[in-house]
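Q: Sequence plus the predicted model coming up.
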Amino acid sequence: MKPAKRVTLTFDNGPTPGVTERVLDILSAGKIHSTFFVLGKNLESPGGRKLAARAHSQGHWIANHSFTHSEPLGDRPDAEYARREIEDTQNLIGALARPEKFFRPMGGGGLIGPHLLSRAALQLLQAGGYTCVLWSSVPGDWKDQDGWVEKAVADVAARDWTVVVLHDVPNACLPRLPEFLDRLESLQVEYRQDFPEDVLITRRGEVVSPRISQIIA
Ligand SMILES: [Zn+2]
């Protein structure tokens, strides 16, 4: 018998009132634990804050995905920009963080390249002991609300362990999330909450990825 395909689900850009609570209900019905890569700006509102706390209390991991989600870190070399985007968000996450602090850079629609991190941002991730997490599947739920399920299933079938990026924002994965989970159930996947080494840039501040040279020139 072939070993089960492993899948780590992640939800980026929330929390979003009206969306994230429904994602949480669907995940808990499937007894699935995931990671929410949240935006600092969304934690400034009481509604967003409450949703992050609820996700945390249900066993999901709360991770950092920048403050403004505006300009990719690699396009802005200044250290102060990196500090605001990363540290201000981490401060808002506060006690909801894992002991291992996870950060995922934004921008480029899933492409891996020098837009992801500036040298200053990398230095901050190293000094702060962050684990920098990329992905292996970006099926595009925010731009193709129907087609993303097929793409994500194909990605899962093609690898031993897939880290899937979905979005708990309006007009993204929510309507077809139950169908996606049904498809994964029929593939008998093993859900994992942790991340395989091949999607990490740093682990606890140490650079672990050979892809670092594609990101930092
Ligand atoms: Zn994002």
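A: Thanks, I have the structure now.

Q: Pull the contacting residues for Asn42.
A: With contact taken as CB atoms under 8 Å, 6 or more residues apart in numbering, Asn42 is in contact with 13-16, 48. For the C-beta atoms, the positions are set from N, CA and C on the backbone; glycine is no exception.

Q: same check, this time on His167
A: 11-14, 141-142, 173.

Q: can you give me the helices for the protein?
A: Secondary structure of the chain by DSSP state H: the helices cover 20-29, 40-43, 46-57, 79-83, 89-93, 119-127, 148-158, 177-186, 212-215.

Q: Which other helices and strands does the fifth one contact?
A: Counting by 3 or more CB pairs under 8 Å, 6 or more residues apart in numbering; DSSP states H and E, the packing neighbours recorded for helix 89-93 are helix 40-43, strand 61-64.

Q: Packing partners of the lowest-mean-pLDDT helix or strand in the chain?
A: Within the chain, no helix or strand scores below helix 212-215, which has a mean of 91 by mean pLDDT, DSSP states H and E. If you count contacts as 3+ CB pairs under 8 Å, 6+ apart, helix 212-215 packs onto no helix or strand.

Q: from the middle of its chain, how far away would it be?
A: In this view, helix 212-215 has its centroid 19 Å away from the chain centroid, taken as CA atoms, centre = their mean, to the nearest Å.

Q: what residues does it touch?
A: Contacting residues not belonging to helix 212-215 are listed as 74, 112-114, 116-117, 122, 201 [CB under 8 Å, 6+ apart].

Q: Could you pull out the buried residues of it?
A: The neighbour-count check on helix 212-215 (16 or more other CB atoms under 10 Å) flags Ile215 as buried.
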